[in-house]
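1. sequence unknown, structure follows:
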């Protein structure tokens, strides 16, 4: 027979904690239902902080190419280059690859065919051992006729490579998984045809969105929301006002944000309203126009953030 509590018997700390937890959950659930608290309330509370990475296996480099984009992912001896800034940045990116001893690129990705993203890629394709070149498919009437785009196509052809059209798929890079999101929808701006890429290494993940803006972000969230949560978000379109919408930020819920832009650029990137939006989600915002090249080091659990000199950017 179960023992009955006598009058005045103390409630155990464990039972008291359980009771308090149940009450808190009930109260929060009530206000979430009323719309007074975000459904991401608990997710925000339990973000926590990262311990330091020790046995680094994967590094993600947001390379400073001024007012442009360039990201290098290096995982267990395999490399992927995403964009390479304007044409004159090809040598800058090459010097960076050489400094790391990288001679082969498993994937070269142009997020979309604007010169500040693909300009330097022709030099990279010409001068490195490249396995696969990935570009998004865009409508025929929006296919660029610029010299920059033609140079890239000629470099790909000269190396005997075929373009791989970006589509929804997962590929492996060293000890990391790379998830590609094909741009879906009809848009009037090439920015919205950017291929989005998620890098996953253990508990650490990075979402890179090219120049994707609000309309394409909403379409991406509608079809892939459950796949978009990431610890690190590289803001779309250099931190412009028309990118990094609340819709995307809610889905990604980043702890770290990275902005690739040039110092004193004429576009006013990053936009102040965008920074204010992102500050409500991310604990840290890094900018190439301030910190220069920003490097994330992952061992699958811990995470370090350093600049090109090795300085800890989290201190």
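-> Nice, I can see it. Note that this is a predicted model, so its numbers are computed, not measured. Residues are numbered from 1 along each chain as shown.
2. residue nearest the centroid of this protein?
-> Centroid-nearest residue in the chain, with Cα atoms, centre = their mean: residue 207, separated by 2.4 Å.
3. In this structure it contacts residue 234, no?
-> Yes: under the criterion of Cβ atoms under 8 Å, residue 207 makes contact with residue 234 at 7.0 Å. The C-beta positions use only the backbone N, C-alpha and C, and glycine is treated the same way.
4. Stretch 303-315 spans what distance, first to last residue?
-> End-to-end distance of stretch 303-315 (Cα to Cα, to the nearest Å): 13 Å.
5. Run through who's touching it.
-> Contact with stretch 303-315 is made by 50-53, 56, 64, 204, 231, 256, 284, 286, 291-297, as judged by Cβ atoms under 8 Å, 6 or more residues apart in numbering.
6. Show the buried residues in those.
-> The neighbour-count test (16 or more other Cβ atoms under 10 Å) marks 50, 53, 56, 64, 204, 231, 256, 286, 291-297 as buried among those.
7. Max pairwise distance over the residues you listed: which two?
-> 50 and 64 (23.2 Å; Cβ to Cβ).
8. Can you show me the strands along the stretch 1-150 of the chain?
-> 58-62, 71-75, 78-82, 104-109, 129-135 (DSSP state E, counting those that start in this stretch).
9. so what does the second one touch, helix or strand wise?
-> In this case it means strand 71-75. Secondary-structure packing of strand 71-75 (3 or more Cβ pairs under 8 Å, 6 or more residues apart in numbering; DSSP states H and E): strand 58-62, strand 78-82, strand 176-181.
10. As CSV, those strands with mean neighbour count would be great.
-> Formatted as CSV, these follow (neighbours: other Cβ atoms under 10 Å):
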stretch, mean neighbour count
strand 58-62, 24
strand 78-82, 24
strand 176-181, 21
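11. Next, the angle strand 58-62 makes with the helix or strand that contains residue 295.
-> Per DSSP states H and E: residue 295 is located in strand 294-298. For strand 294-298 against strand 58-62, the angle by axes from the mean of the first three to the mean of the last three Cα atoms, to 10 degrees is 170 degrees.
12. hmm, who's touching strand 294-298?
-> With Cβ under 8 Å, 6+ apart, strand 294-298 has contacts from 53, 56-62, 201-202, 204, 206, 232, 256, 258, 286, 288, 303-308, 313.
13. Residue 87 touches residue 122, doesn't it?
-> Yes: Residue 87 lies in contact with residue 122 (Cβ under 8 Å); the separation is 7.4 Å.
14. shared neighbours, the two?
-> What both residue 87 and residue 122 touch, as defined by Cβ under 8 Å, 6+ apart, is the set 148, 151.
15. Comparing those two, which residue is more hemmed in?
-> Higher neighbour count among residue 87 and residue 122: residue 122, with 23 against 20, using other Cβ atoms under 10 Å.
16. State the distance from the more buried one to residue 93.
-> 11 Å (Cβ to Cβ, to the nearest Å).
17. Using the three-state scheme, assign the residue nearest to the centre of the chain.
-> strand (DSSP: H, G, I helix; E, B strand; the rest coil).
18. Contacts only, for it.
-> Going by Cβ under 8 Å, 6+ apart, the list of residues near residue 207 reads 196, 197, 198, 228, 230, 232, 233, 234, 252, 254.
19. Which of the contacts of stretch 303-315 fall in helices?
-> Counting by DSSP state H, the members of those that fall within helices are residue 291.
20. Just read off the phi/psi values of the residue nearest to residue 287 when sequence neighbours are not counted.
-> The spatially closest residue to residue 287, leaving aside those adjacent along the chain, is residue 259, at 4.6 Å (Cβ to Cβ, 6 or more residues apart in numbering). Backbone geometry at residue 259, expressed as degrees, to the nearest 10, gives phi -120, psi 130.
21. Helices of the stretch 1-150 of the chain, residue ranges please.
-> 13-34, 41-45, 90-99, 115-118, 121-127, 147-158 (DSSP state H, counting those that start in this stretch).
22. again, but for the stretch 151-300 of the chain
-> Counting by DSSP H, counting those that start in this stretch, the helices of the stretch 151-300 of the chain are 214-224, 246-252, 272-279, 288-291.
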